[in-house]
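Asks: heads up, no residue letters with this:
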């Protein structure tokens, strides 16, 4: 059995466990993305995960586990790195306008090539610091690149009224929630079981409080 077929089987089994259905064409695109990442990783060191099957678990399934919580028509993935979770989510939701934000030049080059090769016409790469980005987005994802306070301090201006900030964390970060900046509240907490991943995962859904009249 080829390594791609092994990757496909792991991805399909994991999606079934998560209760997520994707068309075969999108599953193929998810694998195309991983294969591109594997090729670039040999020279650019974009991710510490080297094993292709581990990449399916840690990059694809870990990203797609938050798909049911994405709302609205626009998403900004802050500190996206090699495009995680932004690219898997963009592939799964072709109707979603996705902005991939990272200040690292070599990662931005990879992101632009991935967007081109995967024909992600609704995705845009922004090479720069989070605090310098402009616009408002219905949904923001951030894969634990900083504390909640720092993330909201740098990127809170990007969250549209009524939008959802999806903060992906490992252990439940009570100490960080105790220092949540003024103007934001914790709306939901979801403990996510990623198939094949023996680690805690918590998704915190944060919302902006209405401004006083």
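Replies: Received, thanks. Note that the structure is a prediction, hence the values are computed from the model and not measured.
Asks: helices of this protein, start to end?
Replies: 3-18, 24-44, 52-55, 62-64, 86-92, 105-117, 148-155, 174-177 (DSSP state H).
Asks: which residue would you name as the spatial centre of the protein?
Replies: Nearest to the geometric centre of the chain sits residue 85, at 2.0 Å (C-alpha atoms, centre = their mean).
Asks: so that residue versus residue 100, what's the distance?
Replies: 10 Å (C-beta to C-beta, to the nearest Å). In short, each C-beta sits where N, CA and C put it, glycine included.
Asks: residue 64 and residue 15 touch, don't they?
Replies: Yes. Residue 64 is within contact range of residue 15, at 6.8 Å (criterion: C-beta atoms under 8 Å).
Asks: shared neighbours, the two?
Replies: Taking C-beta atoms under 8 Å, 6 or more residues apart in numbering as the criterion, residue 64 and residue 15 both touch residue 22.
Asks: for residue 86, see how far away residue 92 is.
Replies: According to C-beta to C-beta, residue 92 and residue 86 sit 11 Å apart.
Asks: who has more neighbours, the two?
Replies: When residue 92 is set against residue 86 and neighbours are counted by other C-beta atoms under 10 Å, the residue ahead is residue 86, at 31 against 22.
Asks: doesn't residue 100 make contact with the more buried one?
Replies: Yes. Residue 86 is within contact range of residue 100, at 4.7 Å (criterion: C-beta under 8 Å).
Asks: what touches both of those two?
Replies: 77, 80, 123.
Asks: residues near the second one, how many?
Replies: Neighbouring residues of residue 80 were enumerated by other C-beta under 10 Å; the total is 26.
Asks: so who does it touch?
Replies: Neighbours of residue 80 in contact, by C-beta under 8 Å, 6+ apart: 86-87, 100-102, 107, 111, 143.
Asks: just the buried ones from those?
Replies: Listed as buried from the contacts of residue 80 are 86-87, 100-102, 107, 111, 143; burial here means 16 or more other C-beta atoms under 10 Å.
Asks: from the contact counts, what lies against the longest strand along the chain?
Replies: Determined from DSSP state E, the single longest strand within the chain is strand 159-169. On a contact count with 3 or more C-beta pairs under 8 Å, 6 or more residues apart in numbering; DSSP states H and E, strand 159-169 meets strand 137-142, helix 148-155, strand 202-208.
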